[in-house]
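Participant: one predicted model, sequence on top.
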Amino acid sequence: MSLRIVVCVKYVPDATGDRQFTEDLTVNRDDVDGLLSELDEYAVEQALQIADEADDAEITVLTVGPEDAKDALRKALSMGADKAIHVEDDDLHGTDVMGTSLVLAKAIEKAGYDLVITGMASTDGAMGVLPAILAERLGVPQVTLLSEVKVEGGTVTGRRDGDTASETLEASLPALVSVTDQSGEARYPSFKGIMAAKKKPVESWDLEELEIEADEVGLEGSWTAVDSAAQRPARTAGTIVKDEGEGGKQLAGFLAEQKFI
Amino acid sequence: MAEVLVYVDHVDGAVRKPTLELLTLARRLGEPVAVALGAGADATAAVLAEHGAVKVLTADAPEFTEYLVVPKVDALQAAYDAVSPVAVLVPSSAEGKEIAARLAVRIGSGIITDAVDLEADDKGPVATQAAFAASFTTKSRVSKGTPVITVKPNSAPVEAAPAAGTVEALAVTFGALATGTKVTGRTPRESTGRPELTEAAIVVSGGRGVNGAENFGIIEALADSLGAAVGASRAAVDAGWYPHSNQVGQTGKSVAPQLYIASGISGAIQHRAGMQTSKTIVAVNKDAEAPIFDLVDYGVVGDLFAVVPQLTEEIQARKG
Ligand SMILES: Cc1cc2nc3c(=O)[nH]c(=O)nc-3n(C[C@H](O)[C@H](O)[C@H](O)COP(=O)(O)OP(=O)(O)OC[C@H]3O[C@@H](n4cnc5c(N)ncnc54)[C@H](O)[C@@H]3O)c2cc1C
Ligand SMILES: Nc1ncnc2c1ncn2[C@@H]1O[C@H](COP(=O)(O)O)[C@@H](O)[C@H]1O
């Protein structure tokens, strides 16, 4: 039996660009270039490694996002994923994590899966809670924040390096895994991979196909409301000195002045 | 008066500081009812009472340590059902966020993560958050259900506010999902004797410029002279010079101490995401063009191998 892996990937504004909010206080996705969230590349990488180890596996990459989010799918396909699903609908604008997780859960169930893999957090919203919510919605074990992951004979094992301890975890499939940026460098797409990706299937689904009502998602259906977003005032320029042999002492002087010593 | 559920982060009964900060915030919204789970839960009551908990709901069961996250969600949900609170506050640790998120789905509520402040409002609590690597400050509310909010360390002062702190046993029935993910092994992180990174008043960090694990002693010596925690950039962690648990930034810890000292760190956006809201920022870097200097209150352009040891020595001399 083939191992069906679904990888959730997000299309995000480039973190090194000048990220802003729009008037309706959603993330401005027009003025900064978008890309496949770097943290989701690790999820794609682990999916590829797990598929390599399995006799027979199929990797589907899934995204919920605007038209341009196809770029993220294309990148994942060029890394080696087999096919892609793009959930796109005008009514999705402004959806928060509860709505996004609902859409992802329905799409994952429709696609069919044994293993869901996500990144540890998105690089824009950076909540890091979607994986846990998705596991709750799907009713499968969550094996999250792994720096190492392995799938063998219907069991997933992994290591989670937490705040107070490093834990080894184990769960039976079907399960949901999230991986951290400690899980191993993601590969670069090869030229061959990029060419092959152009021929791989990308399906588009809308809310109707997933039997989700418009008012369950979007800005209106959001479970949270942003009242205001203000740019932090730039930090005022401080004193900069060049070390001429007394730099450490000068710095100590500043710290004493500020009552840290 | 309305009750606010506060999830307690503790290690064998020793309550961690962010939970006491949560009690300060919870008192702005109502009467704090604390939920303490696992070994030593009962022992948390005294300190929680001192900081305003009117009630402490406790439960212990092997499931809390033998399985990941979900047993704790079952328990928090039991507390939620018993109390019917106006809000649920959880410390923003990796596990705390997962517990809060799953509870939110179950009770049909929206969730806000990583708040740095909370105010009461007639429409429910208003949470302040930092967005886009802390270049924006947002204010948000949960608009559906009972607000579930996770709060970052150092978001409020710890205040004494004695209350009853009556201990009550919480009855928990574990659902089918509770035993889904088995914890097959646990290696506790070794204590360094230094303050916890996210809780420390001063953080001293080193980056690629430190140039080797053996040189981190220079950073540690400075930290110890100030009673500070030690942090590292991802470049230093990836090189294997310092443990990942000390990484500051987007995929490491986010810190907001009174003083942050960065040595040999360029100040990439992902690093800034984790330290930009520190009160005072100081940097030592030999490159005058390093972006970290845009953030600093005081910066020294120079070789850290000369500047940092001299600083440490001068601090020790001044402290006598
Ligand atoms: C998705 C993602 C997540 C990331 N998450 C994080 C994160 O959580 N935390 C993080 O830190 N980074 C993170 N990064 C990496 C980040 O982009 C940078 O690569 C990293 O912060 C660089 O670390 P650094 O400043 O130590 O190294 P560099 O950028 O190489 O800077 C080293 C600095 O040291 C100075 N220097 C060298 N020698 C000396 C000397 N003798 N004396 C004084 N100064 C000296 C140099 O002038 C230079 O400015 C992430 C990146 C991505 C893509
Ligand atoms: N719109 C989306 N489409 C697909 N996957 C997503 C989406 N948003 C979040 N994810 C996945 O959930 C993970 C955590 O996201 P978050 O909780 O938003 O930080 C990401 O690393 C992705 O794998």
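Facilitator: In hand now; what should we look at? Small disclaimer: the values here were computed from a predicted structure and weren't measured. Ligands and ions are numbered 1, 2, ... in the order given.

Participant: ok, the spatially most central residue of chain B - contacts?
Facilitator: Centroid-nearest residue in chain B, with CA atoms, centre = their mean: residue B:153, separated by 3.8 Å. Counting by CB atoms under 8 Å, 6 or more residues apart in numbering or on different chains, residue B:153 touches B:17, B:18, B:21, B:91, B:92, B:198, B:199, B:256. C-betas here are computed from N, CA, C, even on glycine.

Participant: ramachandran coordinates for it?
Facilitator: phi -60, psi 160 (degrees, to the nearest 10).

Participant: what about the helices in chain A?
Facilitator: Using DSSP state H, the helices of chain A run over A:38-53, A:70-79, A:97-111, A:130-138, A:191-197, A:247-257.

Participant: residue A:202 reaches residue A:73, doesn't it?
Facilitator: Yes - contact criterion CB atoms under 8 Å: residue A:202 and residue A:73 qualify, at 5.9 Å.

Participant: what's the overlap in contacts for those two?
Facilitator: Joint contacts of residue A:202 and residue A:73 (CB under 8 Å, 6+ apart) are A:84, A:86.

Participant: comparing those two, which residue is more hemmed in?
Facilitator: Ranked by neighbour count (other CB atoms under 10 Å in any protein chain shown), residue A:202 and residue A:73 place residue A:73 first, with 26 against 15.

Participant: tell me the confidence at the more buried one?
Facilitator: Here, the pLDDT recorded for residue A:73 equals 98.

Participant: nearest residue to it in space, please, no chain neighbours.
Facilitator: Spatial nearest neighbour of residue A:73, chain neighbours left out: residue A:84 (4.0 Å); criterion: CB to CB, 6 or more residues apart in numbering or on different chains.

Participant: from residue A:153, how far out is the residue nearest to the centre of chain B?
Facilitator: Distance, residue B:153 to residue A:153, by CB to CB, to the nearest Å: 41 Å.

Participant: the residue nearest to residue A:73: what's it in contact with?
Facilitator: Residue A:84 touches A:60, A:61, A:62, A:63, A:73, A:74, A:76, A:77, A:200, A:201, A:202, A:203, counting by CB under 8 Å, 6+ apart.

Participant: ok, how many other residues are close to the last one?
Facilitator: As a burial measure, the neighbour count of residue A:203 was computed by other CB under 10 Å and equals 15.

Participant: with residue A:188 instead?
Facilitator: The burial count for residue A:188: 10, using other CB under 10 Å.

Participant: which stretch among the helices of chain A comes nearest residue A:171?
Facilitator: When the helices of chain A are compared by CB to CB, helix A:130-138 sits nearest residue A:171, at 9.9 Å.

Participant: show me what that closest one is in contact with.
Facilitator: Helix A:130-138 has contacts (CB under 8 Å, 6+ apart) with A:8, A:97-98, A:100-102, A:104-105, A:108-109, A:116, A:118, A:120, A:122, A:141-142, A:144, A:174-176, A:178, B:69, B:73, B:97-98, B:101-102, B:104-106, B:177.

Participant: and with 7 Å instead?
Facilitator: A:97, A:100-102, A:104-105, A:108, A:116, A:118, A:141-142, A:144, A:176, A:178, B:98, B:101-102, B:105 (CB atoms under 7 Å, 6 or more residues apart in numbering or on different chains).

Participant: that helix versus helix A:38-53: what angle between them?
Facilitator: 60 degrees (axes from the mean of the first three to the mean of the last three CA atoms, to 10 degrees).

Participant: any idea how far helix A:130-138 is from the chain center?
Facilitator: 13 Å (CA atoms, centre = their mean, to the nearest Å).

Participant: with stretch B:44-56 instead?
Facilitator: 20 Å.

Participant: got the CA positions of it in PDB?
Facilitator: Only the C-alpha atoms of stretch B:44-56 are listed here, as PDB (Å, rounded to 0.1, in the frame of the first residue of the first chain):
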ATOM      1  CA  THR B  44       2.200  25.200  43.500                       C
ATOM      2  CA  ALA B  45      -0.800  26.500  45.500                       C
ATOM      3  CA  ALA B  46       1.100  28.600  48.100                       C
ATOM      4  CA  VAL B  47       2.900  30.800  45.600                       C
ATOM      5  CA  LEU B  48      -0.100  31.000  43.300                       C
ATOM      6  CA  ALA B  49      -2.300  32.200  46.200                       C
ATOM      7  CA  GLU B  50       0.300  34.800  47.100                       C
ATOM      8  CA  HIS B  51       0.000  36.200  43.600                       C
ATOM      9  CA  GLY B  52      -3.800  36.300  43.400                       C
ATOM     10  CA  ALA B  53      -5.200  32.900  42.600                       C
ATOM     11  CA  VAL B  54      -8.500  32.500  44.300                       C
ATOM     12  CA  LYS B  55      -8.600  28.800  43.500                       C
ATOM     13  CA  VAL B  56      -6.100  26.200  42.400                       C
END
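
Participant: for residue B:226, phi and psi?
Facilitator: Taking degrees, to the nearest 10 as the convention, residue B:226 sits at phi -110, psi 0.

Participant: which residue packs closest to it, ignoring adjacent ones?
Facilitator: Counting by CB to CB, 6+ apart, the residue nearest residue B:226 is residue B:202, at 5.0 Å.

Participant: neighbours of the one you found, how many?
Facilitator: Using other CB under 10 Å, residue B:202 is surrounded by 20 other residues.

Participant: then residue B:190?
Facilitator: When neighbours are counted by other CB under 10 Å, residue B:190 registers 8.

Participant: any idea how far it is from chain A?
Facilitator: According to CB to the nearest CB, to the nearest Å, residue B:190 and chain A sit 10 Å apart.

Participant: that residue sits in which helix or strand?
Facilitator: For residue B:190, there is no enclosing helix or strand under DSSP states H and E.

Participant: for ligand 1, what's the nearest residue on chain A?
Facilitator: In chain A, the residue that lies nearest ligand 1 is residue A:38 (3.8 Å; CB to the nearest ligand atom).

Participant: find the nearest non-adjacent residue to that residue, please.
Facilitator: Of all residues not flanking residue A:38 in the chain, residue A:123 sits nearest, at 6.1 Å (CB to CB, 6+ apart).

Participant: wait, doesn't residue A:112 sit right on residue A:6?
Facilitator: No - with contact defined as CB atoms under 7 Å, residue A:112 does not count as touching residue A:6 (8.4 Å).

Participant: who's in contact with the residue lying closest to residue B:96 once chain neighbours are set aside?
Facilitator: Counting by CB to CB, 6+ apart, the nearest residue to residue B:96 once its immediate chain neighbours are dropped is residue B:90, at 4.6 Å. Residues near residue B:90 by CB under 7 Å, 6+ apart: B:7, B:96, B:99, B:100, B:150.

Participant: any idea which strand is longest in chain A?
Facilitator: Ranked by residue count under DSSP state E, the longest strand found in chain A is strand A:142-152.
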